[in-house]
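# Fold the following for me, if possible:
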Amino acid sequence: MSIVYTEITLKNAFDVEVEASGLAKDHKIRETTVKAVVDTGAWTLVINEEVRQLLGLRKLTSKTGTLADGSKIDYYLTSPLQVNWKNRSTTCEALVLPNAGNILLGAIPLEAMDLMVHPRKEELVGAHGDEEVHLVL
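I've put the predicted structure just below:
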């Protein structure tokens with residue numbers, strides 16, 4: 001299977017809440033639309049420093065992790081952001097990797113939006129059709 005890309009819109013979740021509450025007049029939601037690699041092997045959303053700054057996300061916890069090639073890398077988590085794909089959205093933290101070339105859309109936001117990679121079409125689709133399905137156990 002080839003690499004699957006999709007377009008997503010990322011928004012600062014704090015800005016979304018301020019706008020929804022009506023507490024601040026003329027408040028602007030910081031957002032950007034990006035082309036992301038759909039990476040089912042990544043556990044969450046991965047962004048670069050440029051996107052973090054554009055959205056005004058705060059740096060939270062710093063950590064050290066291991067990449068797929070075995071090398072160690074320092075990264076940090078951000079304050080929450082909203083991830084939007086077509087008619088679906090979810091809120092999550094993002095990993096910021098230094099010099100990340102691609103935005104990665106990982107397993108947690110994919111599951112939260114009920115999305116999967118269609119193996120024959122090689123594209124992102126709803127796991128249960130066009131409408132989100134949330135199973136509650």
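# contacts, neighbours, all on C-alpha from now
Will do.
# right, and the helix or strand after the longest helix along the chain?
Looking across the chain with DSSP state H, the single longest helix is helix 13-21. Following the chain from helix 13-21 toward its C-terminal end, the next helix or strand by DSSP states H and E is strand 31-38.
# Please enumerate residues in contact with stretch 89-100?
Around stretch 89-100, the neighbours that count as contacts under Cα atoms under 8 Å, 6 or more residues apart in numbering are 13, 44-49, 52, 73-84, 109, 112-113.
# List the buried residues for it?
Of all the residues in stretch 89-100, those buried under the rule 16 or more other Cα atoms under 10 Å are 89-97.
# What separation is there between the residue nearest the centre of the chain and Leu23?
What sits nearest the mean C-alpha location of the chain, by Cα atoms, centre = their mean, is Leu45, with 3.9 Å. Noted for Leu45: a distance of 29 Å to Leu23, by Cα to Cα, to the nearest Å.
# So which of the buried residues of stretch 89-100 are in strands?
Among these, the residues falling in strands (DSSP state E) are 89-92, 94-96.
# Dump those residues into JSON lines; add pLDDT as well.
Formatted as JSON lines, those follow (pLDDT from 0 to 100):
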{"residue": "Ser89", "pLDDT": "96"}
{"residue": "Thr90", "pLDDT": "97"}
{"residue": "Thr91", "pLDDT": "97"}
{"residue": "Cys92", "pLDDT": "96"}
{"residue": "Ala94", "pLDDT": "96"}
{"residue": "Leu95", "pLDDT": "95"}
{"residue": "Val96", "pLDDT": "96"}
